[in-house]
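# with the input below, show me the fold.
(one chain, ligands or ions: 2)
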Amino acid sequence: MTGGQVSITAEAKTIRDGAFGNAVELVCRECSTTRELGPHYACHECFGPLEIKYDFPAITREQIEAGPANIWRYKALLPVPDDIELSPNLEPGYTRLLKANNLAAELGLKNLWVKDDSTNPTNSFKDRVVACALSAAREFNSKVFACPSTGNLANAVAAAGARAGIRTVVFIPSNLETPKVINSAVYTENLVAVDGNYDDVNKLASEIAGEEDGWAFVNVNVRPFYAEGSKTLGYEIAEQLGWRLPDQIVIPVASGSQLTKVHKAFQELIKLGLVEDKPYKVFGAQATGCSPVSEAFREGWDVVRPQKPDTIAKSLAIGNPADGIYVLDICRETGGAVADITDDEVRDAIVLLARTEGIFTETAGGTTVGVLKKLVETGLLDTELETVVINTGHGLKTLDAVADLVRPAATIAPTYDAFVAAGIA
Ligand SMILES: Cc1ncc(COP(=O)(O)O)c(C=O)c1O
Ligand SMILES: [Zn+2]
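Ligands and ions are numbered 1, 2, ... in the order given. Modelled structure (predicted):
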């Protein structure tokens, strides 16, 4: 396998007209070399990552608002065909943007919103990226839909593949939380647990992608198409705020793809005239036990040094993040920051969000809310400005994280006297 050229098409087949909507070509993020749209993910000149370039027609707010209450309302801004709604998929997105007044008061913020992506079909934001990858896999006529995953992605790939009727094979580190294992195995017979961390699983997936024909690994050889799905988080936040951008946004960082794509979405909305151009700050959140991007930010490095993950925030446990340097660039350029918190702070933040806003988040969301708190305490976040924090996954998948922190206030006999004696009245 060279230059990211792997065969993910089951048989040589011309790609139909309009397969990728308004996308026109792939462009290298490093050297800007372009190439035709296809199953490629690395630049043939410099091996840099490829991303999708578009030629957008005029797009109005009204057109978008007339679309379905899922990510396909933004289909004109994604590398998908105009008839995308006709092929079975999980129809993720258009999740709630909640005004979080209680959490804001607790943290001393004036104006705070939670973008709650835990209500997607498989309970994480990964349904968004997988829906775009599934469309690409279909257009490439791939025969297997696959991924290496820290847990949530495997859930989303297995479920989307089942609905689309395509064979799925998903790879996870063998030490994942039981609910995440079951949430994949229930949808697919081919869940492969690998003795190693995510970076080992990712390496194995790249090797298989190079050897096997017709396999679409969503975040490896279909990555340029997959990653675009995260832009829909940015579009939705802007639309739900009444077609404007927030002043500050806090986003979890594993590979860093989501953060870079939310920023790309905001830039596209500005260029298309769908929102007013204004400055905004982007902040990245990591857990200290896997914080290579936060370390690089703190140390002022231009490179991200890989780390060996050791944290309860397993969904964010990518020690060698593919988009880490781009996260650094965006957070520095916009005046934001990348910060990290300990596992105990992650646990406390899960309970804080639950008790202030009634939202049960997983460890990734605990990391993000905990980092939001830390950014306030360290003065990096302006408490006067409008802030959005993204909750990317559901707490029912990482119950163990808070199992020792929350329990019944009392176990009592079924009598009024016993209730009074418990001191809860
Ligand atoms: C719940 C959750 N949030 C955030 C992320 C981070 O995503 P990215 O790899 O795009 O940085 C992940 C990645 O697996 C995740 O599962
Ligand atoms: Zn290049």
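
# got any ranges where the protein has weak pLDDT?
Scanning the chain for pLDDT under 70 picks out the ranges 1-13.

# which residues in it form helices?
Taking DSSP state H, the helices of the chain run over residues 61-65, 101-107, 126-139, 152-164, 178-185, 198-211, 223-227, 231-240, 257-271, 292-299, 324-333, 343-357, 363-377, 416-421.

# any chance of those in CSV, plus distance to ligand 2 and mean neighbour count?
Every residue, glycine included, has its C-beta placed from N, CA and C. Formatted as CSV, the helices of the chain follow (distance: least, CB to the ion, whole Å; neighbours: other CB atoms under 10 Å):
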stretch, distance to ligand 2, mean neighbour count
helix 61-65, 33, 12
helix 101-107, 42, 17
helix 126-139, 21, 29
helix 152-164, 26, 26
helix 178-185, 34, 20
helix 198-211, 18, 19
helix 223-227, 13, 28
helix 231-240, 22, 24
helix 257-271, 17, 22
helix 292-299, 22, 20
helix 324-333, 14, 21
helix 343-357, 37, 21
helix 363-377, 31, 27
helix 416-421, 69, 12
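
# want to throw those helices into CSV with distance to ligand 1?
Shown next, in CSV, are these (distance: least, CB to the nearest ligand atom, whole Å):
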stretch, distance to ligand 1
helix 61-65, 24
helix 101-107, 18
helix 126-139, 6
helix 152-164, 4
helix 178-185, 9
helix 198-211, 9
helix 223-227, 8
helix 231-240, 10
helix 257-271, 3
helix 292-299, 9
helix 324-333, 8
helix 343-357, 12
helix 363-377, 4
helix 416-421, 39
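
# H40 is nearest to which of these?
Nearest to H40 among the helices of the chain is helix 223-227 (7.7 Å), distances taken as CB to CB.

# which secondary structure elements does the closest one contact?
strand 50-54, helix 126-139, helix 257-271 (3 or more CB pairs under 8 Å, 6 or more residues apart in numbering; DSSP states H and E).

# convert the C-alpha atoms of the last one to CSV, please.
Backbone C-alpha positions of helix 257-271 (Å, rounded to 0.1, in the frame of the first residue of the first chain) are rendered in CSV as follows:
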residue,chain,number,x,y,z
SER,A,257,-11.1,15.3,14.0
GLN,A,258,-14.3,16.6,15.6
LEU,A,259,-12.7,19.8,16.8
THR,A,260,-11.1,20.6,13.4
LYS,A,261,-14.4,19.9,11.6
VAL,A,262,-16.5,22.1,13.9
HIS,A,263,-14.1,24.9,13.1
LYS,A,264,-14.3,24.1,9.4
ALA,A,265,-18.1,24.2,9.6
PHE,A,266,-18.1,27.7,11.2
GLN,A,267,-15.7,28.9,8.5
GLU,A,268,-18.0,27.5,5.7
LEU,A,269,-21.1,29.2,7.2
ILE,A,270,-19.2,32.5,7.3
LYS,A,271,-18.1,32.1,3.7
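
# what's next to that helix, contact-wise?
Identification of contacts with helix 257-271 by CB atoms under 8 Å, 6 or more residues apart in numbering yields 56, 77, 125, 129, 219, 227-235, 237-238, 245, 249, 251-253, 275-277, 280, 282, 284, 322-323, 326-327, 330-331, 334, 390, 392.

# among the helices and strands packed on helix 223-227, which comes closest to E362?
It's helix 126-139; of these, that one is closest to E362 (CB to CB) at 11.7 Å.

# so which elements touch the closest one?
Applying 3+ CB pairs under 8 Å, 6+ apart, one finds that helix 126-139 contacts strand 144-148, helix 152-164, strand 215-217, helix 223-227.

# can I get these in JSON lines with distance to F360?
Shown next, in JSON lines, are the helices and strands packed on helix 126-139 (distance: least, CB to CB, whole Å):
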{"stretch": "strand 144-148", "distance to F360": "25"}
{"stretch": "helix 152-164", "distance to F360": "15"}
{"stretch": "strand 215-217", "distance to F360": "31"}
{"stretch": "helix 223-227", "distance to F360": "27"}
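
# how about C31, nearest residue that isn't a chain neighbour?
Excluding its sequence neighbours, the residue lying closest to C31 (CB to CB, 6 or more residues apart in numbering) is C46, at 4.8 Å.

# how about the one you found, what does it touch?
Neighbouring residues of C46 by CB under 8 Å, 6+ apart: 28, 30-31, 33.

# all set now, cheers.
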